[in-house]
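S.K.: Return atomic coordinates for the entry below.
(3 chains)
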Amino acid sequence: MRLAHPEFAPDASLSREEMEELQHEVADAAIFEDAFEFDPESVRAEPTDDAQTHLPTGEDENEGEDDDSDVAVPTESPESPVVVGVDQAFVGDLAVSAVVASRDGEVVERAHAAVETEIPYIPGLLSFREGTAILRAFEELTVEPDLAIVDGSGRIHFREAGIATHIGVMLDLPAIGVAKNLLCGDLRDPPEGHMAEGERVPVVSNSRVSAPDGTVIGYALQSRQYPNPDKRHVNPLYVSSGHRVSAETAAELVWQLCAGYKLPEPTRRADAYADEVTETVDT
DNA sequence: GCGACAG
DNA sequence: ATCTTGTCGC
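M.R.: From the prediction side, this is the model:
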């Protein structure tokens, strides 16, 4: 696919101030509300094993319905959305970005790109280190994605423009940020003990975030938990809107994309593919 | 000056 | 992110 907004390119040669200014522009262009076409409930982590099972078996299974006479029953539901997982791996100064696209929980295409790293990791400026590699991987993709799950934060960012937001805005693609650690913000109602599987706690902005204090910028999502969290527990994921998805919907979609593991399937697939590519295209 | 800090 | 064995608990 191609870039919708090249003017927001994460140029690593910019000064720190220019990078931060660009992030403010990206945040202004971002939409932290639901603005997508697909049906969020149709998004799933794994293929439904009966996909082919309900094909015509001669007679139909109409239960006492009178008659729809001659018209062919339009069992045709809208095309399921294409969800892509994005993740990176590094080999020395080489950043390998992997993008894996799935539809109905099945992988339909994989793409990758390796780009030389120009700057070190700087909290808050991640997109300027990994962004170019990610965009190049997306350029290699031929299918049209409907949603991107990006490793890292989206709105949970000092200037509300984490890597998921930057990528989403540049491609004008609905995007969600999934991070394993909290970059900034506070949990609104800190649970006493550990969170139960499926539980969500709002992440709100504080003085370190450009958004007005108390704004819900994401959710801590307990995507997986052990039976007895007192002995051994799993840390939650920090989900935030990247672009064209609200914080609530982002958390729900990520939850639906989980299949028994802490990380959502799109991310796990991209992670595995990134490693796969790394072992081949390195040295 | 000190603290905080995705991947 | 990456360097790495065993080990504890499900």
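S.K.: I'd assumed A:Thr267 was in a helix, is it?
M.R.: Yes. Under DSSP: H, G, I helix; E, B strand; the rest coil, A:Thr267 sits within a helix.
S.K.: Was I right to think it contacts A:Val84?
M.R.: No. Using CB atoms under 8 Å, A:Thr267 is not in contact with A:Val84, being 10.2 Å away. Every residue, glycine included, has its C-beta placed from N, CA and C.
S.K.: Give the residues shared as contacts by these two.
M.R.: A:Ile149 (CB atoms under 8 Å, 6 or more residues apart in numbering).
S.K.: More neighbours: the two, which one.
M.R.: When A:Thr267 and A:Val84 are compared for neighbours, A:Val84 comes out ahead with 28 against 23, by other CB atoms under 10 Å.
S.K.: Extract the C-alpha trace of stretch A:229-240 and format it as CSV.
M.R.: The C-alpha trace of stretch A:229-240 is given here as CSV (Å, rounded to 0.1, in the frame of the first residue of the first chain):
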residue,chain,number,x,y,z
PRO,A,229,-2.4,-14.7,40.4
ASP,A,230,-1.1,-14.6,43.9
LYS,A,231,1.6,-17.1,43.2
ARG,A,232,2.4,-16.3,39.6
HIS,A,233,0.8,-13.5,37.5
VAL,A,234,0.9,-12.0,34.0
ASN,A,235,1.4,-8.3,33.4
PRO,A,236,-1.3,-6.5,31.5
LEU,A,237,-0.9,-5.0,28.0
TYR,A,238,-1.2,-1.3,27.5
VAL,A,239,-3.6,-0.7,24.6
SER,A,240,-4.2,2.7,23.1
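S.K.: Contacts for that stretch, please.
M.R.: For stretch A:229-240, using CB under 8 Å, 6+ apart, the contacting residues are A:153-157, A:162, A:164, A:176-183, A:193-196, A:201, A:203, A:217-226, A:247, A:250-251, A:254, A:262-263.
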